[in-house]
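Engineer: prediction below, plus the sequence it came from.
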Amino acid sequence: MKNPICIFIVDDDHDFAKSMADIMELHGYDVQTAHSGEEAVSKFRDQDFDVTFMDVKMPGKNGVESFLEIRKLKPDAKVVMITAYSVEQLLEKAIRSGACGILHKPFDMEKATKMIEKLRGRNGSIKNNIK
């Protein structure tokens with residue numbers, strides 16, 4: 001039996017993060033959450049995640065700053081930025097730095113699961129499907 005895909009959800013909105021995590025778990029994914037950029041970077045130091053969904057606007061270290069720090073730690077990290085705001089300059093910086101995509105809140109959870117499947121690639125491995 002293969003290991004479940006490990007999804008990491010980073011969002012300061014605890015209710016949103018929990019709802020997204022619950023749905024992802026129903027799809028059979030192993031899910032962890034963090035509620036700040038600082039917490040996300042700390043967890044990335046100790047663990048690998050197959051796909052991370054990172055909120056852009058968070059207090060303290062924002063999602064793009066956190067993403068850039070994570071890319072220094074794990075250059076092949078697969079991160080999808082999520083946002084409810086129009087923060088085009090931040091999003092452009094994230095895409096230029098290797099973010100795998102952007103989801104605008106509110107989004108259909110099916111879009112998130114399709115993004116995971118797309119990132120898995122043809123061979124079923126996310127880690128080997130570097131963009």
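Structural biologist: Ah, there it is.
Engineer: so which residues of the chain form helices?
Structural biologist: Using DSSP state H, the helices of the chain run over 14-26, 37-46, 63-73, 88-96, 109-120.
Engineer: now do the shortest one and helix 63-73, the angle between them.
Structural biologist: Using axes from the mean of the first three to the mean of the last three Cα atoms, to 10 degrees, the interaxial angle of helix 88-96 with respect to helix 63-73 works out to 20 degrees.
Engineer: what about dumping the CA coordinates of helix 88-96 to CSV?
Structural biologist: Extracted C-alpha coordinates of helix 88-96, given in CSV (Å, rounded to 0.1, in the frame of the first residue of the first chain):
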residue,chain,number,x,y,z
GLU,A,88,-1.3,40.9,-7.7
GLN,A,89,2.3,42.1,-7.0
LEU,A,90,2.7,39.5,-4.2
LEU,A,91,1.2,36.8,-6.4
GLU,A,92,3.4,37.6,-9.3
LYS,A,93,6.5,37.4,-7.0
ALA,A,94,5.3,34.0,-5.8
ILE,A,95,4.8,32.7,-9.4
ARG,A,96,8.2,34.0,-10.5
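Engineer: name the helices or strands packed onto that helix?
Structural biologist: Helix 88-96 makes packing contacts with helix 63-73, strand 79-83, strand 101-104 when contacts are defined by 3 or more Cβ pairs under 8 Å, 6 or more residues apart in numbering; DSSP states H and E. C-beta: built from backbone N, CA, C; applies to glycine.
Engineer: so which elements touch the second one?
Structural biologist: So the one you mean is strand 79-83. When contacts are defined as 3+ Cβ pairs under 8 Å, 6+ apart, strand 79-83 packs onto strand 51-55, helix 63-73, helix 88-96, strand 101-104.
Engineer: now tabulate these in JSON lines and tack on mean pLDDT.
Structural biologist: Formatted as JSON lines, the helices and strands packed on strand 79-83 follow (pLDDT from 0 to 100):
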{"stretch": "strand 51-55", "mean pLDDT": "95"}
{"stretch": "helix 63-73", "mean pLDDT": "94"}
{"stretch": "helix 88-96", "mean pLDDT": "82"}
{"stretch": "strand 101-104", "mean pLDDT": "85"}
